[in-house]
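>>> Curious how this folds, go ahead:
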Amino acid sequence: MPKLNALVAGSTGYIGVQLIKLLVKHKYINIKYLCGNTSVGKKISYYEKSLSNKRLPKIVKFNKNLLKDIDVIFTALPNGEAQDISKYLTKNITLIDLAADFRLEKTSDYLKWYKQKHRAKNLIKKSIYSLPEINGKELSKYQIISCPGCYPTSILLPLIPLFESNLVKAKNIIMDSKSGYSGAGRGVHKKYKDKNLYESLSAYGVGFHRHNSEIDQMLKKYTKKEINFSFTPHLTPMFRGILSTIYIDLENGVTQSNVIKKLSTFYQKDNFVKILKQNTLISTNDVINTNNCHISVCKSKYKNKIVILSAIDNLIKGGAGQAVQNLNMKFNFPLKTAL
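Numbers count the residues shown, from 1 in each chain. So this is what the prediction gives:
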């Protein structure tokens, strides 16, 4: 099978570097171009020493002429910039976006949550929000693949099967997520320089974090009930990983065992999602540096409630790994290639 030529735009951020570390192991991918702005002319090893022994191109500034021999574009850019690149797509190029540019189906929602007008409205219909385990089988129809955010990945993987089978109530859900500080990007060190980033826990985006929008959009696809939830993210003094704790009410007559059975059946043949024994206490250390998601369903002191724990690596399963997983599904590569 011939290799696909890939361009990585936004190659020097935490997600971009992680993506390159995966793609250099991918036997069906040739990294043709690495693109950046302030990093032009540098080697990627300047940002990640472990890549110093890999034969990779120097970083260049993106321009449309680079796309002549490109099959796949990965964009790990600030929100809005993938929209501009998407205008240069030809019918033979697939765009896999790791930011939020094509996550929301309504441009009004994008304006509301991201405070900017969408500049590629006509391409939204050519895009798919792809959480691979849930709707990855639909990828072949779409030219633009939007990878979910890191927090929604950890939350939607356990909740969608439960909503779909009507096992849980849709109101008064509490989603409490803790992330390593890499989730805030390289600029986090300047932003939190006065807050002792490495020894403190910080809540942010309380009530209005942007990921509310995609959680709400996706859950509404799997239930006719009115949805009511509170999502609060936190930055922790660790580099990577996410642990989401979800407090949710069961429908009448549903038990903890019913929930575990549903999730276990749903993910029975999945390569990356693992449903653990009931009441298992999990940690981010169980999943870091993997594309795995570990899910545990725990008892609450109230009979009609459960507590769901979900752990992922924000840079891999919540970012670069999910992008590669979508790539593999889109092009029918073995699913675990480079993962």
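>>> need the helices for the stretch 51-200 of the chain, in chain order.
Taking DSSP state H, counting those that start in this stretch, the helices of the stretch 51-200 of the chain run over residues 81-86, 107-114, 132-135, 150-164, 188-191.
>>> So which of those helices is the most surrounded?
Mean neighbour count (mean count of other C-beta atoms under 10 Å) peaks for helix 150-164 among the helices of the stretch 51-200 of the chain, with a mean of 25. Heads up, the C-betas are built off the backbone N, CA and C, glycines and all.
>>> Give the residue spans of the stretch 51-200 of the chain that score low on pLDDT.
Low-confidence segments of the stretch 51-200 of the chain (pLDDT under 70): 189-195.
>>> What segments of it are strands?
59-60, 72-75, 94-97, 127-129, 144-146, 173-180 (DSSP state E, counting those that start in this stretch).
>>> Point out the other helices and strands that the longest one packs with.
With contacts taken as 3 or more C-beta pairs under 8 Å, 6 or more residues apart in numbering; DSSP states H and E, strand 173-180 sits against helix 150-164, strand 229-236, strand 242-249.
>>> closest one to residue 8 among those?
helix 150-164 (18.5 Å; C-beta to C-beta).
>>> Residue 338: what's it in contact with?
With contact taken as C-beta atoms under 8 Å, 6 or more residues apart in numbering, residue 338 is in contact with 22-23, 25-27, 29, 324, 328.
>>> Compare those residues and tell me which has the most neighbours.
Neighbour counts for the contacts of residue 338, by other C-beta atoms under 10 Å, peak at residue 324, which reaches 29 neighbours.
>>> From residue 293, how far out is that residue?
Residue 324 sits 15 Å away from residue 293, taking C-beta to C-beta, to the nearest Å as the criterion.
>>> Please apply the same query to residue 223.
With C-beta to C-beta as the criterion, residue 223 and residue 293 are 21 Å apart.
>>> Ok, residue 329 next?
According to C-beta to C-beta, residue 329 and residue 293 sit 16 Å apart.
>>> Quick check on these two: which one has the bigger neighbour count.
residue 293 (26 against 18).
>>> For that one, give me phi and psi.
phi -130, psi 120 (degrees, to the nearest 10).
>>> isn't it right next to residue 157, touching?
Yes. The pair residue 293 / residue 157 is scored as a contact, 5.3 Å apart, by C-beta atoms under 8 Å.
>>> Residues in contact with both of these two, list them for me.
Common contacts of residue 293 and residue 157, defined by C-beta under 8 Å, 6+ apart, comprise 273, 310.
>>> count of residues packed around residue 226?
Residue 226, neighbours per other C-beta under 10 Å, totals 8.
>>> Could you tell me how far residue 306 is located from residue 297?
6 Å.
>>> any residues in contact with both of these two?
With C-beta under 8 Å, 6+ apart as the test, residue 306 and residue 297 both reach 256, 259.
>>> More neighbours: which of these two?
Legend: neighbour count by other C-beta under 10 Å for residue 306 and residue 297, higher for residue 297 (28 against 24).
>>> show me what contacts the more buried one?
So residue 297 contacts 256, 259-260, 263, 275, 278-279, 306-309 (C-beta under 8 Å, 6+ apart).
>>> Could you look up the SS state of residue 34?
strand (DSSP: H, G, I helix; E, B strand; the rest coil).
>>> how close does the spatially most distant residue from the centre of the chain sit to residue 170?
Here the chain reaches farthest from its C-alpha mean at residue 253, the gap being 33.6 Å by C-alpha atoms, centre = their mean. Taking C-beta to C-beta as the measure, residue 253 falls 17 Å from residue 170.
>>> got it, and residue 334?
37 Å.
>>> Could you do residue 55 as well?
With C-beta to C-beta as the criterion, residue 55 and residue 170 are 51 Å apart.
>>> Run a quick neighbour tally on residue 272.
Quick note: residue 272 (other C-beta under 10 Å) scores 23 neighbours.
>>> Tell me the confidence at it?
Confidence at residue 272, expressed as pLDDT, is 98.
>>> now do the one 10 residues further on
At residue 282 the predicted local distance difference test score is 96.
>>> what residues are up against it?
With C-beta under 8 Å, 6+ apart, residue 282 has these contacts: 243, 276, 294, 296, 309, 311.
>>> same deal with residue 37?
With C-beta under 8 Å, 6+ apart, residue 37 has these contacts: residue 61.
>>> So it belongs to a helix, correct?
No. Going by three-state DSSP, the assignment for residue 37 is coil, not a helix.
>>> Can you give me the distance of it to residue 187?
Taking C-beta to C-beta, one finds residue 37 at 14 Å from residue 187.
>>> which residue packs closest to residue 7, ignoring adjacent ones?
residue 33 (4.3 Å; C-beta to C-beta, 6 or more residues apart in numbering).
>>> Excluding covalently adjacent residues, which one is nearest to residue 139?
The nearest residue in space to residue 139 (C-beta to C-beta, 6+ apart) is residue 330, at 4.6 Å.
>>> can you count the residues close to that neighbour?
There are 20 residues near residue 330, going by other C-beta under 10 Å.
>>> returning to that earlier point: could I get the contacts of residue 338 as JSON lines with distance to residue 175?
As requested, the contacts of residue 338 are arranged in JSON lines below (distance: C-beta to C-beta, whole Å):
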{"residue": "22", "distance to residue 175": "28"}
{"residue": "23", "distance to residue 175": "31"}
{"residue": "25", "distance to residue 175": "33"}
{"residue": "26", "distance to residue 175": "33"}
{"residue": "27", "distance to residue 175": "38"}
{"residue": "29", "distance to residue 175": "34"}
{"residue": "324", "distance to residue 175": "26"}
{"residue": "328", "distance to residue 175": "29"}
